[in-house]
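Participant: Sequence and computational prediction follow.
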Amino acid sequence: MAGESARNGGAAGQQTVRRHNLALVLGEIAGGEPVSRAGVAARTGLTRGTVSSLVEELLAAGLVTELAAARGTPGRPASPLQLNRSGPAGLGIEIGVDHVSACVVDLSGAVRARRTVASDHRDDVPSAGLATATALAGEVTAEAGLPVAGATVALPGVVGADGVLERAPNLPRWVDVAVGDELGVRLDGLPVRAGNEADLAALAELRTGGPADAVYVSGGIGVGAGILLGGALFRGAGGRAGEIGHVVVEPDGPACSCGGRGCLETAAGLEALLRAAGTPDVDALLAARPGPPLARAGRALGVALAGAVNLLDVPSVVLGGIYPRCGEPLIDAVRTELAARVVSRPAVDVRFSALGPDAALLGAATAVVHDLLARP
């Protein structure tokens, strides 16, 4: 028995090393320009024989593809390797307060299909929104024409470590809904995970060159935050960190959907902005770009963010969702408040998200691809 246990332990150890080396090789291939087997061996320190064996596994799995060898060079021409853009893909779904979006990205992260439909969930049962998400996911999957390896759904509320949407203040009927599990059943057993939309947006920003230590604020009907520390997402003890929209900025302020008063969302959420500007919808708001209402929202954001920066000592704040389209009146007010209120550091970098309103959706889809590449 002892000998059998040792043999099993040795086999398990070999499999662990092989999985690690597979990820190492795939990471080099995914790193940029096409690279040969010899180039991968040189960069990783693995032998050419080991690299060739691992590459054959990756080719068989459809994760990489081999290009035609370059001609006209001395010696045996090498066949460069790159990620297979026709290989396994990631499906991202976003169920917002008033919309549903879905997209498919290939292994390189390129969007191959994307759609959004209006779908107001504030007074509707979860099954209606899930049905819309299922239909939209089917449409983008068919349009992309790629094999989908899994999906991630971005949600506007508190998502526990088990992927259950525990509470969404703007979706009062969505309480303790196992969104990932239910969508997985509707999508014929596809693995589906669920996450908070601001968290997924923050990860998308990070993966496209954003700061490794930052508070990412996602502005919409609700206001949420994703917290990045040392290049990793800080989720809190139960996966519920980042509910900045319900930080109180005006104790005697307007009633909030969460049951409190004077929350940030009542001053800097989209509906608060529309009321303050006297505009009927977001297009009219952005066309008018009224300075005073946007500045007031920026000041409220600055008050809430100053507390977060003082607590976490992060050097950067990224404003996403609707905020990048609001322009200078909003971001200037945020910077002014942070400059006046932050004592934990001499200056804070405040920037708009480069991804805009698609950040959460892209973060959801690329999360699938990221896992594929990290654990092939």
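Facilitator: Yes, it's here. Residues are numbered from 1 along each chain as shown.
Participant: all helices of the stretch 251-376 of the chain, in order?
Facilitator: Counting by DSSP state H, counting those that start in this stretch, the stretch 251-376 of the chain has helices at residues 265-268, 270-277, 282-288, 291-312, 328-341, 359-374.
Participant: and Gly320, which of these is closest to it?
Facilitator: Minimum separation from Gly320 across the helices of the stretch 251-376 of the chain (C-beta to C-beta) falls at helix 359-374, 5.1 Å. Every residue, glycine included, has its C-beta placed from N, CA and C.
Participant: buried sites along the closest one?
Facilitator: Buried residues in helix 359-374, counted by 16 or more other C-beta atoms under 10 Å: 359-373.
Participant: residue ranges of the helices in the stretch 1-150 of the chain, please?
Facilitator: Using DSSP H, counting those that start in this stretch, helices in the stretch 1-150 of the chain cover 2-30, 37-44, 48-60, 126-144.
Participant: The last one: which residues count as buried?
Facilitator: Of the residues in helix 126-144, those buried under the neighbour-count criterion (16+ other C-beta under 10 Å) are Pro126, Gly129, Leu130, Thr132, Ala133, Thr134, Leu136, Ala137, Val140, Thr141, Ala144.
Participant: Show me what it is packed against.
Facilitator: On a contact count with 3 or more C-beta pairs under 8 Å, 6 or more residues apart in numbering; DSSP states H and E, helix 126-144 meets strand 89-95, strand 99-105, strand 111-118, strand 148-155, helix 179-186.
Participant: Of the ones you listed, flag the one that's most buried.
Facilitator: With neighbours taken as mean count of other C-beta atoms under 10 Å, those reach their highest mean count in strand 89-95, at a mean of 28.
Participant: Partner strands of that strand, with direction?
Facilitator: Neighbouring strands of strand 89-95 in its sheet, by DSSP bridges, are strand 99-105 (antiparallel), strand 148-155 (parallel).
Participant: So what's the model's average confidence on the longest one?
Facilitator: What it means is strand 148-155. The average pLDDT within strand 148-155 is 98.
Participant: Run through who's touching it.
Facilitator: Here strand 148-155 makes contact (C-beta atoms under 8 Å, 6 or more residues apart in numbering) with 88-95, 104, 133, 137, 141, 165, 168, 179-180, 183-184, 187, 190-197, 200-201, 360-361, 363-365, 367-368, 371-372.
Participant: Please work out how many residues are found near Ala232.
Facilitator: Neighbours of Ala232 under the rule other C-beta atoms under 10 Å: 12.
Participant: on that earlier part again, tell me which of the helices and strands packed on helix 126-144 sits nearest to Ala214.
Facilitator: Nearest to Ala214 among the helices and strands packed on helix 126-144 is strand 148-155 (18.4 Å), distances taken as C-beta to C-beta.
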